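Model the structure of this input:
(2 chains)
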Amino acid sequence: DVKVTQSSRYLVKRTGEKVFLECVQDMDHENMFWYRQDPGLGLRLIYFSYDVKMKEKGDIPEGYSVSREKKERFSLILESASTNQTSMYLCASSTLAGVSYEQYFGPGTRLTVT
Amino acid sequence: DAKTTQPNSMESNEEEPVHLPCNHSTISGTDYIHWYRQLPSQGPEYVIHGLTSNVNNRMASLAIAEDRKSSTLILHRATLRDAAVYYCILRDVFQYNFNKFYFGSGTKLNVKP
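Take a look at the predicted model:
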């Protein structure tokens, strides 16, 4: 079974703190993604990576950065957390093989910025 | 970008079939139709996908209209565990533009015992 794990299920941080959200996948997938999910807005893509050290901006990259030093690990960084970054953060991975392009999601991290 | 339209919510009785509709009137010829669902407190999970023909797997069936402007996800016998938000998503397989994997707000399915 594909497994995508995220470092924390719940996180509370203060405004201005630097926040690291970690994601690890165990299926040797090329692609990894970070989304945020907010009520009424669905899932929105923040960043994605299609290879080690490669990254592309998604729909809402402002205020975020990412790091992918190893194939299995993709980190989302909030350089200076703000209250409007309070959200559910979801990591996903996929392989490029075939056309199904199935994305496998982690359980999510609910981040609260106070 | 081709987008999808789904009802905000639907209700079903346990062990009855459920038909979840999705409209995608601006679908292009190279868009695959994907369905995902998100159980409470979990990340989304893949359900099924198709291009033109109807598709079946162990979880569900996907019925695609002949003009491809709409599709229906069919759960043959709903269980309480099927209560989730269901997302209908289009993906253009000939463009490696990951922004086109657009989730939208989905349909919240409530299953009554």
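
which stretches of the chain aren't confidently modelled?
Defaulting to chain A. For chain A, the stretches with pLDDT under 70 are A:1-2, A:96-101.

Please refer instead to chain B.
When residues are selected by pLDDT under 70, those of chain B lie in B:1-2, B:93-101.

Look through it and state the residue closest to chain A.
Here chain B gets closest to chain A at one residue, residue B:43, 3.0 Å apart by Cβ to the nearest Cβ. For every residue, glycine as well, the C-beta is placed using N, CA and C.

which of the residues in the helix or strand harbouring residue A:55 are buried?
For residue A:55, the element it lies in under DSSP states H and E is strand A:54-57. Neighbour-count burial for strand A:54-57, counted by 16 or more other Cβ atoms under 10 Å in any protein chain shown, picks out A:55, A:56.

neighbouring strands for that strand, and are they parallel or not?
With DSSP bridges as the test, strand A:54-57 is paired with strand A:42-51 (antiparallel).

Please write out the alpha-carbon positions of the strand it pairs with in CSV.
What follows is strand A:42-51, C-alpha atoms only, in CSV (Å, rounded to 0.1, in the frame of the first residue of the first chain):
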residue,chain,number,x,y,z
GLY,A,42,-11.9,23.2,-1.9
LEU,A,43,-8.3,22.1,-2.3
ARG,A,44,-5.9,24.7,-3.7
LEU,A,45,-2.5,23.8,-5.0
ILE,A,46,0.4,25.6,-3.3
TYR,A,47,3.5,24.0,-4.8
PHE,A,48,4.5,20.9,-6.5
SER,A,49,7.7,19.1,-7.3
TYR,A,50,8.4,16.7,-10.2
ASP,A,51,11.9,15.7,-9.2
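
Is stretch B:56-75 in proximity to chain A?
No: residues of stretch B:56-75 contacting chain A under Cβ under 8 Å from any Cβ of the partner chain: none, with a closest distance of 11.0 Å.
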